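[1] Next input, structure requested:
(chains A and B)
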Amino acid sequence: MRTRVWSRHVLLLSSALLLTGCNLVQSPLNPVSPQARDLLWLFWIFSAVLAAIWLAVMLALLMSLRARRDVGTDPLAADPHRESRATMLVAGLAVATGLTVLVLTGLSFAGQRRLFGNETAAVTIRVLGHQWWWEFQYEDPDPSRRFNTANEIHVPVGQPVLIKLESTDVIHSFWVPSLMGKVDLIPGRQNILRFTAERAGIYRGQCAEFCGLQHAKMGMLVVVDEPEAFAQWRDAQVQPRLEPATDEARAGEQAFVAAPCSMCHQVRGTGAAGRNGPELTHVGSRRTLAAGTLPMSRGNLAAWIVDPHGIKPGVNMPLVKLDPGELNTISAYLEGLK
Amino acid sequence: MSDAATASRDLRDTGLDGPVLNTRLACVWGTPKGVIGWLSSVDHKVIGRRYIITAFLFLFLGGLTAIVMRLQLAQPENKLVGPDTYNQLFTMHGSTMMFLFGVPIGEAMAVYLVPLIVGTRNIAFPRLNAFSYWVYLFGGMFLWVSFLLNIGPDVGWFAYVPLSGPEYSPGKRADVWAQMITFTELSGLAVAIEIIVTVLKQRAPGMSLDRIPLFVWALFVNSFIIIFALPAVMIASTFLILDRLIGTQLFNPAEGGDALLFQHLFWFFGHPEVYIIFLPGTAFVSAIIPTFARREIFGYLALVLSLIATGFLSFGLWVHHMFTTGLPQLGAAFFTASSMLIAIPNGLQIFCWIATLWDGRPVWRTPLLFVCGFFFIFVAGGLSGIMLASVPIDTQVHDTYFVVAHFHYVLIGGNVFPLLAAIYYWFPKFTGRMMSERLGRWNFWLAFIGFNVAFFPMHISGLMGMPRRVYTYGPEMGWGDLQLLSTAGALMLFASFVVFLWNVVASVRGGEVAGSNPWGAGTLEWAAASPPAPQNFDHIPFVTHREPLWAERSGLPVVTGLSTRHRELVVSSVAEAEPQLRETSPAPSIWPLIAALAVGATFIGSIFTPHAVLWGAPPIAAALTGWFWPKNTPEDEE
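    Predicted coordinates:
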């Protein structure tokens, strides 16, 4: 079977390339950190060794079935000479199996030591899992530099990142395969994950532990920026929301704060201070909506507000009755929150 | 002494033979006629047959859920089923396949075959056997009726807390799951005890430990794994129902409970479970290979020791299901080593089987074809398992379609292919007729190609980042083509089972009539008639060799002196199988059914109120009293 992994390798790579084309990669085959590269390298070594073993066993099976030895009719008449030779052979193979797994175990241990190190991090992000979205809290010694965001994180190229994983409800799992293997978010515990992104780009991740009705639509984006761009983004995120620039947006902000929206969502700089749903202070700057479900656009914002349960059945966001004018201004307002 | 006195005395089989003995014993051991008789049967063959048919029924139901899921995933953003139905479907699929098919099918085959192969007349504790079948049937029906009433569980077959806990799964769905587990595992435990006692104490005289066929060894070791593994999951499911029903906080971290405790308990069962499913597969393979290779199994001792080693090691691997939960690295590394270690006994088994074939003269019939399919698929699945044993690699592939591919290679390769081989192999024993070879070949090739087309691409889907248990995915993820291919393969695999069913039905009616030993095999079940008489053997055979029918060409030596007036069998010593006692075997009884109904009502009631445990106790006590009420058996009179 592993052999066919190799033969499909080409197909695999081409599809990986295709995905890179649309800039939405969620695959361990596309590593952009030393950690993920290490993992992929380990994966291919194991694949190659195990594929070779599989082939050898299949070859032996094939030959055993082809062997047409002229033996008597008595199934109990075994030739002692042949028996002892076969015993030696089988014993040798068992020893070889032992040695192989010993080597593979050693490789695995070495990989584990490299991957789960303790380097100091330049950026620390606390991740809180929610049914079914991600809350990100950027930590900083200076309280005024801390901020929250949701479903999209930015990290700088070449700097070690530390992710602290916690859950507010059920178990989730944080998995951005291009950067690192997954680690679970477990209520009552804090887990740790580290990576250093090496190439700017946008990498997709997704919840990998079944967490209920909308487990399938709990995606996130990791945007790897050049350090200057990252610093800029971070500075912007720390700020309260951008003052609405148009009349329409101003009307939208009033409607938003007056409507039940503000019960669950926070927009820093306004009266909206709810904490049950994703923070929306700079929602317009994000690339997706509803945890990676829809591309960000004014139309999609309106569609999501009008019918969240059509797009993500069972989601905790309620259907809020708004008149068409309010819907229009609120969508414009949110889109403007860059 | 008068004639009447002679007649009333215990009549032995010593002087009797042929049709007279056969008819007399059949009368003593037979199942009574009528509906009550049918429900009272304690014959291991009758119950074994019911067990096998029921387990296959659940296999088909589980297969249907898989087909609906495959159709849903065939294209991105498909709207065939919504998330609620999909989550129920994969929960039902996993729970049915693991708890209602995987564990029971091995035990079902054991219930039918082990007493025949060890040369006895009935399984130990035959009424317990009847009871456990009813419990299993009611537990399975309970789950499926709940599903059809739209209260089917939707928390996955693993039902991790807190998702399955009171806060995040209100309603009855998770209760149905928890009680079904506790309930059906009860039946699994009972059968494991019967098998162990049958193997240890009821072997035909002369069948010393080193003459026990590997088939029996595998199911014997399996029964021990069951006894040690199932209580862990029963504790997990019971703790869960306590949290849900009476407000304990065992799994609630806010109150000092621990969410990970559930996972430890679950996987302490869950990993041995894989071997509970696989060891019956090895049992079938070890029985079939010598027959079709036309030589004794190579490396008997090595195979027995690998079975025992597998049994022990299977309890030291559970943490490899939890590598991403953030356990201490050193602890996780230990489980990498132990998981890799189990490759050694399993590799040894494969080498011994291939050596047997190598030195034999393979006879190409359908059972051997399925055994070859087993090698192809299972070895691949076992090897990809070595990748999952590595902590670093596992963090990338865990909970993705790569794992889905891996364990279907292991479970379908390691259990279902050998099982189909076994059905083709023992069908003449079960029914007295052969299955069609032509349909058998269709069945094999459809299953083999369908399986690989369905599951191989899943490895790649996983490597392309597709997580498990998602009801849909966006077109931009690029998984659509591979998923469509998997769906096509799954449909083909399903078609192979339709051919199988067709073959079974057609062959029961019109298959070629089989003699007692159509394959020229060497073990004792082939000395019994096809299908076997209610007493299995007219005289208990005396065993002189591991393959008695090959060693004693001119007819088996037998043991005489057993009663022909009531149910009697030989109890023998554990190691050497020296005959020790003549023991009475219980007669048919309706009480096991009544007891199972009482237990079932209690369990179902307990979903609605904890007081059901109180109200259910008197009926259960009454049923058990009836069951164990002393009767004036002939043995007591002596």
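[2] Distance check, B:Gln535 against B:Ser563.
    Distance, B:Gln535 to B:Ser563, using C-beta to C-beta, to the nearest Å: 11 Å. Every residue, glycine included, has its C-beta placed from N, CA and C.
[3] Among those two, which residue is more densely surrounded?
    Neighbours per residue, other C-beta atoms under 10 Å in any protein chain shown: of B:Gln535 and B:Ser563, the larger number sits with B:Gln535, 27 against 19.
[4] so the more buried one touches B:Trp29, yeah?
    Yes. Counting by C-beta atoms under 8 Å, B:Gln535 touches B:Trp29, with 4.1 Å between them.
[5] Now do the shared contacts for those two.
    The overlap between the contact sets of B:Gln535 and B:Trp29 (C-beta atoms under 8 Å, 6 or more residues apart in numbering or on different chains) consists of B:Arg121.
[6] Strands of the chain, start to end?
    All of this refers to chain A. A:123-130, A:133-138, A:147-150, A:152-156, A:160-167, A:172-176, A:180-185, A:191-196, A:201-206, A:219-225, A:288-289, A:294-295 (DSSP state E).
[7] Oops, wrong one, chain B.
    For chain B, the strands defined by DSSP E occupy B:540-541, B:558-559, B:568-572, B:579-584.
[8] Ok, which of those strands comes nearest B:Ser95?
    With respect to B:Ser95, and counting by C-beta to C-beta, the nearest of these is strand B:568-572 at 37.1 Å.
[9] got the domain boundaries for chain A?
    Domain assignment for chain A by automatic domain parsing gives A:24-53+A:89-223, A:247-335.
[10] give me the low-pLDDT residue ranges for chain A?
    Scanning chain A for pLDDT under 70 picks out the ranges A:1-24, A:67-72.
[11] Show me the helices in it, by range?
    Assigned by DSSP state H, the helices in chain A fall at A:2-7, A:9-21, A:34-66, A:80-115, A:227-238, A:247-258, A:261-264, A:298-306, A:308-311, A:324-335.
[12] Could you dump the ones you listed into TSV with mean neighbour count and distance to B:Pro231 added?
    As requested, the helices of chain A are exported to TSV (neighbours: other C-beta atoms under 10 Å in any protein chain shown; distance: least, C-beta to C-beta, whole Å):
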stretch	mean neighbour count	distance to B:Pro231
helix A:2-7	16	37
helix A:9-21	14	44
helix A:34-66	18	35
helix A:80-115	16	30
helix A:227-238	15	52
helix A:247-258	18	55
helix A:261-264	18	44
helix A:298-306	18	48
helix A:308-311	14	42
helix A:324-335	20	54
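[13] Same list, those helices, but as JSON lines with distance to chain B please.
    Putting the helices of chain A into JSON lines (distance: least, C-beta to the nearest C-beta, whole Å) gives the following:
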{"stretch": "helix A:2-7", "distance to chain B": "6"}
{"stretch": "helix A:9-21", "distance to chain B": "5"}
{"stretch": "helix A:34-66", "distance to chain B": "4"}
{"stretch": "helix A:80-115", "distance to chain B": "4"}
{"stretch": "helix A:227-238", "distance to chain B": "24"}
{"stretch": "helix A:247-258", "distance to chain B": "28"}
{"stretch": "helix A:261-264", "distance to chain B": "18"}
{"stretch": "helix A:298-306", "distance to chain B": "13"}
{"stretch": "helix A:308-311", "distance to chain B": "10"}
{"stretch": "helix A:324-335", "distance to chain B": "21"}
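[14] All good on my end, thank you.
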